[in-house]
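Asks: Here is the input, now give the coordinates:
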Amino acid sequence: MTTGQKRAKRVTQSDVAVMAGVSTAVVSAVISPKPGKTIRVGEEAEKRVRAAMETLGYAPDIVAQSLAGGKRNIIGVFTYEAVFPSDRENFFYPFLLGIERGAMKTGQDLLLFTSSSLDKGPRSIFPAGTNRMGVADGAILLGEEPEKSELKRLYETGFPFVTVGRRVANGAELNWVAADYAAAVEDVVFRCAALGHRKVKFLGNSRVREQNEDREQGFIQSRRQGLDLSVERFDADALDAAWTRRCLADGYSVVLTETFAHATALERQVAACGGSIPETLSVVALAAPLTMTADVERWTRISVPREAMGEQAVEKLIARIRKPEAEIANTTLPCGFVPGETLKAI
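Replies: Numbering: from 1, shown residues only. Predicted structure coming up:
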């Protein structure tokens with residue numbers, strides 16, 4: 001944590017009471033209304049309490065309402081993916097295996113959050129304005145599209161969480177476990193150079209998130225090898241035969257694709273131009289598909305240590321729960337290189 005920056009404490013009923021200008025008993029009565037209750041709460045007071053809860057990001061601690069308090073040895077798992085990754089062929093499934101292994105090692109129960117979808121749009125940490133994950137001691141967040149404003153809001157409540165993947169949200173110091181994409185891509189370029197390639201194209205998504213930045217950084221760092229490197233970004237469905245012919249005419253012998261969709265789209269266009277991979281053009285995929293298929297095995301690609309990342313995320317979360325004021329130390333884990341049939345020497 002940066003010097004002079006103090007992490008917010010977890011929001012309590014007392015904090016809500018102060019903001020709403022009522023007693024904690026009134027807050028408790030609003031949160032947990034009971035038949036025959038002795039405390040009557042007026043409409044205006046209840047509105048102030050609920051407004052304060054939303055502003056502060058307070059989540060009623062359902063378990064603690066029935067227990068004397070303290071840690072429950074329950075950690076949550078939340079994903080922004082539309083479908084929870086329970087299929088073993090899903091890209092995110094190995095992360096869950098690692099999380100489960102980490103939970104077993106540390107004596108934690110897992111609570112999977114699958115009902116946090118909005119009526120329209122993506123999953124939300126704060127459906128109906130409150131953090132449902134408050135029933136757990138902390139949570140692990142994974143998925144491709146985290147909402148940055150939600151990450152910042154969750155940070156400000158003091159709720160312990162760790163993201164799988166490097167995440168940045170302005171005004172929040174986030175705790176994460178990530179793959180070292182920069183080093184992995186630099187290694188791929190080195191391997192291409194060793195096979196005689198001198199002109200290398202990096203083809204990426206039009207939308208740039210943290211993992212995209214990391215891959216491009218590794219590619220750019222490779223310029224010290226004296227290679228002719230070029231970066232282009234557009235969506236896979238925009239890749240056409242004209243672009244492919246131009247790439248070949250410009251003398252590029254290998255393309256590093258940021259997504260698997262770009263790799264398969266490029267293969268189709270090379271075939272449309274009368275060529276094939278790797279005879280006409282070598283291709284290395286810098287990411288696995290979201291759904292694994294038998295065809296993946298023939299591709300030269302990098303591998304992400306997904307199970308290890310999930311397990312490390314649990315360890316970091318437990319450390320954060322036990323020492324919430326400790327300095328944040330993020331972790332990057334090395335990727336692997338998987339030889340395939342789509343990269344050849346020239």
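
Asks: C-alpha only now, for contacts and for neighbours.
Replies: Will do.

Asks: Determine the longest helix present in the chain.
Replies: Of all the segments of type helix in the chain, defined by DSSP state H, the longest one is helix 306-322.

Asks: Now do the buried residues in that helix.
Replies: Residues of helix 306-322 classed as buried: 306-318, 320-321 (neighbour count, 16 or more other Cα atoms under 10 Å).

Asks: With stretch 41-57 instead?
Replies: Neighbour-count burial for stretch 41-57 [16+ other Cα under 10 Å]: Val41, Ala45, Glu46, Arg48, Val49, Arg50, Ala51, Ala52, Met53, Glu54, Leu56, Gly57.

Asks: Of the residues you listed, which belong to helices?
Replies: Going by DSSP H, the helices hold Ala45, Glu46, Arg48, Val49, Arg50, Ala51, Ala52, Met53, Glu54, Leu56 from the buried residues of stretch 41-57.

Asks: Save these as CSV, and put in pLDDT too.
Replies: As requested, those are arranged in CSV below (pLDDT from 0 to 100):
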residue, pLDDT
Ala45, 89
Glu46, 90
Arg48, 92
Val49, 90
Arg50, 89
Ala51, 90
Ala52, 90
Met53, 87
Glu54, 85
Leu56, 87
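
Asks: Which strands border the helix or strand immediately after the longest helix of the chain in the chain, and is each parallel or antiparallel?
Replies: Going down the chain from helix 306-322, the next helix or strand is strand 331-333, by DSSP states H and E. Paired neighbours of strand 331-333 in the sheet (DSSP bridges): strand 176-179 (parallel).

Asks: Now do the strand it pairs with, average pLDDT.
Replies: Averaging pLDDT along strand 176-179 gives 97.

Asks: tell me which element Lys270 is part of?
Replies: In this structure residue 270 is Val, not Lys. Assigned by DSSP H and E, Val270 falls in helix 260-272.

Asks: rewinding a little: I'd like the distance from the longest helix of the chain to the chain centre, please.
Replies: Helix 306-322 has its C-alpha centroid displaced from the chain centroid by 14 Å (Cα atoms, centre = their mean, to the nearest Å).

Asks: What are the contacting residues of it?
Replies: 92, 94-103, 106, 137-140, 160-164, 175-179, 326, 333 (Cα atoms under 8 Å, 6 or more residues apart in numbering).

Asks: Next step: those restricted to helices.
Replies: Pro94, Phe95, Leu96, Leu97, Gly98, Ile99, Glu100, Arg101, Gly102, Ala103.

Asks: So how do I select the buried members of those residues in ChimeraX?
Replies: In ChimeraX, this line selects whichever of the ones in helices among the contacts of helix 306-322 come out buried by 16+ other Cα under 10 Å:
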select :94,95,96,97,98,99,100,101,102,103
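
Asks: ok, for Ala287, nearest residue in space, not its chain neighbours?
Replies: Thr259 (5.2 Å; Cα to Cα, 6 or more residues apart in numbering).

Asks: give me phi/psi at that neighbour?
Replies: Backbone torsions for Thr259, taken as degrees, to the nearest 10, come to phi -130, psi 160.

Asks: isn't it right next to Leu290, touching?
Replies: No: the pair Thr259 and Leu290 does not pass the contact test of Cα atoms under 8 Å, sitting 9.7 Å apart.

Asks: about what we covered before: any chance of the ones in helices among the contacts of helix 306-322 in a markdown table, plus pLDDT?
Replies: A markdown table is the format used below for the ones in helices among the contacts of helix 306-322 (pLDDT from 0 to 100):
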| residue | pLDDT |
| --- | --- |
| Pro94 | 91 |
| Phe95 | 93 |
| Leu96 | 91 |
| Leu97 | 93 |
| Gly98 | 96 |
| Ile99 | 96 |
| Glu100 | 95 |
| Arg101 | 95 |
| Gly102 | 96 |
| Ala103 | 95 |
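
Asks: any chance of the ones in helices among the contacts of helix 306-322 in JSON lines, with distance to Thr280 too?
Replies: Shown next, in JSON lines, are these (distance: Cα to Cα, whole Å):
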{"residue": "Pro94", "distance to Thr280": "34"}
{"residue": "Phe95", "distance to Thr280": "36"}
{"residue": "Leu96", "distance to Thr280": "39"}
{"residue": "Leu97", "distance to Thr280": "39"}
{"residue": "Gly98", "distance to Thr280": "39"}
{"residue": "Ile99", "distance to Thr280": "42"}
{"residue": "Glu100", "distance to Thr280": "44"}
{"residue": "Arg101", "distance to Thr280": "44"}
{"residue": "Gly102", "distance to Thr280": "45"}
{"residue": "Ala103", "distance to Thr280": "48"}
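
Asks: what about the closest residue to Ala172 other than its chain neighbours, distance to Ile75?
Replies: Distances taken as Cα to Cα, 6+ apart place Lys152 nearest to Ala172, at 5.5 Å, with adjacent residues excluded. Between Lys152 and Ile75 the distance is 20 Å, computed by Cα to Cα, to the nearest Å.

Asks: So between these two, which is more surrounded?
Replies: Ile75 (26 against 17; other Cα atoms under 10 Å).

Asks: so where's the stretch 1-150 of the chain shaky on pLDDT?
Replies: 1-9, 32-39, 60-71, 82-89, 115-122 (pLDDT under 70).

Asks: So which residues of it form helices?
Replies: 13-20, 24-31, 43-56, 62-66, 93-105, 148-157 (DSSP state H, counting those that start in this stretch).

Asks: Any idea which of those gets closest to Ala345?
Replies: Closest approach to Ala345 among the helices of the stretch 1-150 of the chain (Cα to Cα): helix 93-105, 32.7 Å.
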